[in-house]
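1. Structure, please.
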Amino acid sequence: MNTKKLTVFEKIGFGSGDAAVNVVISAMFLIITYFYTDIFGLDPKDVAILMIVVRMIDAFTDPMMGILTDRIKTRWGRFRPYFLFLSVPFGISVYLTFSTPDLDYNGKLVYAYATYIFVTVMFTSVTIPYISLISVLTSSPQERLSANGYRLFFAKIAAFLVAIVVPILAKEWGAGDIARGYQNAMGLMAALGTGLFLFCFFTTKERVEHVVDRTPIVGMIRLLLRNDQWLVLCGVCIIGTVGYVIRGSVAIYYAKYFLGGDEVMQSSFMGTGVAAAVLAMVASTWITKSYCKVKLFRYTQLLVGILSVVMFFLVQPGDVASAFVLYFLISFVVDLHAPVFWSAIAEAVDYGHLKTGKRVAGMSFGLISFCQKAGMGIGGFVVAWLLGVFEYVPDVEQTQTSLMGIALMLTVIPGFFHALMGGLMFKYFITDKAYDTIKVQLAEAETAAKS
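-> Numbering: from 1, shown residues only. Below is the predicted model of the structure:
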């Protein structure tokens, strides 16, 4: 196995890919629901249906993309070529999604569906190769964890730009037309994402060569269903993403209506959460050098549930200082698990290889990506649906019911999902020590097969 120590420059290049990915993810987590309801003018109920319907497409595109990466190898490798050839269409899809043509309501709804589907397909086409890339850079679990620390650090920098820069630029560049402002601001983010994917292509190298079984799709799914640790990560991914999306999507509503803030406060509040997450990436990499990564995952998510309840009861409307402090703390604790999760996927693939005798990598990553986007769809649906339930009306003074609903959606409701995720991780047992054993057994099996 190739346990090469990656250079800092290559880790930065690898991380730049996730910065590109997070131009979309952060927009979907932080502003897409707000954009559709308050800027584009869609009814929250229609947004809820849009979020869940479009995600059904991922049930087909994600596994197919995983199969493509398994079956097709080029002179650039299995995964990197997609960054080279699809980075520009990816950027275009982001720009179009946040454009607002002058159409009647039904026309806007059709346009929203068309562009949301486009950006989803482009997102799949570059994201699945990207999340699979770590498995071929090196076989060292510590190097993978370190590279994922860089990756998630740059991902949060991209999220920080979306959270801080986009709302302010939208106001400044809109010249009184906030819709045009969002189009221009997200156009800048789209161009940035395109450039970052190209940088990732030119600065990384695929070194580890895995033998991929030419198993039919149904056979691969059966193999994955036998991989209990991969199934745990699927459940964790869906549940955790729902929590992320609910909290992230509501942050801008919370700052605007519950705290009574303008665009600057809205950006600052969202940015506070992202800044905390950036620091969490650094802290997680440091903590896991001496503390069990699986325990860190479990207990931080349980703690998020407790902190979320505290914030709901402690912070009252307009209580800006307490809101910022507790939101920072929750955002920091919740993201301590992130580098662990993305490293765990590659380790679960190796575990499945050892258990079944067959390696299913592309499909494994593809379906994890589907789980993430399923969580995004469910979370987006829940946010839009609950806005309707709590009688939210854009750009008016909110009722006590809607304010309470916004507060619940920022705190207790996502906190429940994170606590549930932490509880599920008690079913996951691939620690560093266990993975070392898996690697040795795989190496012995490969040696025996060659002799």
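
2. which parts of stretch 410-426 are buried?
-> Going by neighbour count (16 or more other C-beta atoms under 10 Å), the buried part of stretch 410-426 is 410-411, 413-422, 424-425. From N, CA and C alone the C-beta is placed, and that goes for glycine too.

3. Could you export that stretch as PDB, CA atoms only?
-> C-alpha atoms of stretch 410-426 as PDB (Å, rounded to 0.1, in the frame of the first residue of the first chain):
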ATOM      1  CA  LEU A 410     -32.100  27.200  14.700                       C
ATOM      2  CA  THR A 411     -31.700  25.300  18.000                       C
ATOM      3  CA  VAL A 412     -33.800  22.400  19.300                       C
ATOM      4  CA  ILE A 413     -34.900  20.800  16.000                       C
ATOM      5  CA  PRO A 414     -31.400  20.500  14.400                       C
ATOM      6  CA  GLY A 415     -30.000  19.700  17.800                       C
ATOM      7  CA  PHE A 416     -32.200  16.700  18.000                       C
ATOM      8  CA  PHE A 417     -30.800  15.400  14.700                       C
ATOM      9  CA  HIS A 418     -27.200  15.900  15.800                       C
ATOM     10  CA  ALA A 419     -27.800  14.100  19.000                       C
ATOM     11  CA  LEU A 420     -29.400  11.200  17.100                       C
ATOM     12  CA  MET A 421     -26.300  11.100  14.800                       C
ATOM     13  CA  GLY A 422     -24.000  10.900  17.800                       C
ATOM     14  CA  GLY A 423     -26.100   8.100  19.200                       C
ATOM     15  CA  LEU A 424     -25.900   6.200  15.900                       C
ATOM     16  CA  MET A 425     -22.100   6.400  15.900                       C
ATOM     17  CA  PHE A 426     -22.000   4.000  18.900                       C
END
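
4. ok so, going back, out of the buried residues of stretch 410-426, which are inside helices?
-> Within the buried residues of stretch 410-426, residues falling in helices by DSSP state H are Leu410, Ile413, Pro414, Gly415, Phe416, Phe417, His418, Ala419, Leu420, Met421, Gly422, Leu424.

5. just to revisit the earlier point, in TSV, list the buried residues of stretch 410-426 along with distance to Ala48.
-> Below are these laid out as TSV (distance: C-beta to C-beta, whole Å):
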residue	distance to Ala48
Leu410	18
Thr411	21
Ile413	15
Pro414	17
Gly415	21
Phe416	19
Phe417	17
His418	22
Ala419	24
Leu420	22
Met421	23
Gly422	27
Leu424	26
Met425	29
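
6. For Glu209, list the residues it contacts.
-> Counting by C-beta atoms under 8 Å, 6 or more residues apart in numbering, Glu209 touches Val136.

7. Please identify the helix or strand for it.
-> When elements are assigned from DSSP states H and E, Glu209 belongs to no helix and no strand.

8. any idea how far it is from Glu446?
-> 12 Å (C-beta to C-beta, to the nearest Å).

9. Residues contacting the lowest-mean-pLDDT helix or strand in the chain, please?
-> None of the helices or strands of the chain scores lower by mean pLDDT, DSSP states H and E than helix 58-71, at a mean of 77. Contact with helix 58-71 is made by 78-79, 82, 120-121, 124-125, 128-129, 132, 212, 214, 217, 220, 360-367, 369-370, 373-374, 377, as judged by C-beta under 8 Å, 6+ apart.

10. Which positions within it qualify as buried?
-> Asp58, Thr61, Asp62, Pro63, Met64, Met65, Gly66, Ile67, Leu68, Thr69, Asp70.

11. Let me know the closest of those residues to Ser140.
-> Of all the buried residues of helix 58-71, Thr69 has the smallest distance to Ser140: 21.6 Å, by C-beta to C-beta.
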